[in-house]
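Visitor: mind looking at a prediction? Sequence and model below.
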Amino acid sequence: MPATPPIPTPELLDDRLAERDVLRRLAAEPLVGLAAGRALLMQLAHPAVARGVAEHSDFADRPLARLFGTLDFLLIVTFGTPEQVARISAKVRGIHGTVRGDGYSGNDPDLQMWVNATLIDSALHIHETLMRPRDDGLAEDYYRQARVVAEVLGCPLDSQPADLAAFRAYMAGTLAALEVTDTAREVAGAVLWPRRLRVLFPGLAVFRLITAALLPESLRAQYDLPWTPGRRRAARLLLGTAAAVHRVTPGPLRRPPQPLLVRLATHRVNRTLSARRDRRRAAAG
C-alpha cells in the first residue's frame, strides 16, 4: 500500500480550498441531507468498510455516530477555513491510523475515495432527481470540487477519477462488484433500527423509508429492505413533498448560516474523537 501523503498545512490548503462555490451551494441544501442514509449504506456495502466500522466503533451503542461523523467532516472541509480543515484532517488521520485489520486500513486511499464517492454520488442523485436542475454544468463542477474531501484525508487527486464521466464509470463498476455482507447488514440494522433511540420511532421510520427509496435497487435487495408497492407510494409522496417545499422556499430561509454549520460540526467531531480516545485508554488500562 502506498505511503499516506503528509497532512496538508493551512498554507497548502489555501490554494486547494479556494474554489468551493459549487460544493458549498449544494452542501448547504437541507434536501441533500435526505441521502445521508443512502451514502452510509453504500459505504458499508464495501466489505472492508463494513469490517472497519464493526471492529473499530461502538455502533451498537452509538448507531448514528458513523453517519454524523462523516457528514460533519464533509461540512468542515466544505465550509471551514484552511486552518480549521487542517486541524480536523490531522485529528481524523490520527484516528484512521489506528483503524486497521484483516484486509483494511483507515488510511487506505481506495477506501477514502469510496467513502467520499458515496457522498458525491448521493448529493448528485438528490440534485438530479429532486431539485430539477437547470444548470447542466453544476454536476461536473461539483464533482471536481468535492474531490478535495478525499484529498485532505490522503487520497491524491491523481488517484481519483479525473472527471465526472470517469467518476460515473467508477461508481457503476464498483457498485456492480459489491456484495453486502452479514457484517454490513448487522451495522446497517443498528443504524436503521437503533434499540436505544426507540423514542424517535416516527422519525426513524421515515428515515428508513427514504433510505430504502434512494438506495440503488441492487443494494436495497441485498440489505433485505422491505419494498412493497405501498412503501414505494409513500416514499414517492414524501420525496415529492420535500422537493416541492424546497422549490417554494427562498434559499436564504432554507440554508443554515455557514459559520453555524462549522461550529456544530466541529463540536460533534471533537466530542466523538474525545470519546473514542477515552474508550481506547479504558481498554488499554
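Guide: Nice, thanks for sending it over. Residues are numbered from 1 along each chain as shown.
Visitor: surely Leu225 meets Leu215?
Guide: Yes: counting by Cβ atoms under 8 Å, Leu215 is a contact partner of Leu225 at 7.2 Å. For glycine as for every other residue, the C-beta is placed from the backbone atoms N, C-alpha and C.
Visitor: so between those two, which is more surrounded?
Guide: Leu215 (24 against 19; other Cβ atoms under 10 Å).
Visitor: who are the packing partners of the lowest-mean-pLDDT helix or strand in the chain?
Guide: Least confident helix or strand, the chain: helix 258-284 with a mean of 80, by mean pLDDT, DSSP states H and E. Counting contacts by 3 or more Cβ pairs under 8 Å, 6 or more residues apart in numbering; DSSP states H and E, helix 258-284 packs against helix 65-79, helix 82-96.
Visitor: buried ones in it?
Guide: Leu261, Val262, Ala265, Thr266, Arg268, Val269, Thr272, Leu273, Arg276 (16 or more other Cβ atoms under 10 Å).
Visitor: now it, how far from the centre of its chain.
Guide: In terms of Cα atoms, centre = their mean, to the nearest Å, the centre of helix 258-284 is found 17 Å from the chain centre.
Visitor: quick one: it to helix 65-79, angle?
Guide: Inter-element angle recorded for helix 258-284 and helix 65-79: 140 degrees (by axes from the mean of the first three to the mean of the last three Cα atoms, to 10 degrees).
Visitor: show me where the stretch 151-285 of the chain has helices.
Guide: 164-177, 182-192, 201-214, 217-222, 229-248, 251-254, 258-284 (DSSP state H, counting those that start in this stretch).
Visitor: wait, which of these is closest to Lys91?
Guide: Closest of these to Lys91 is helix 258-284, at 5.6 Å (criterion: Cβ to Cβ).
Visitor: next, the angle from that closest one to helix 82-96.
Guide: Relative orientation of helix 258-284 and helix 82-96, computed by the same axes, to 10 degrees: 20 degrees.
Visitor: use 272 as the first number from now on
Guide: All set: I'll call the first residue 272, so the last point we hit is now helix 529-555.
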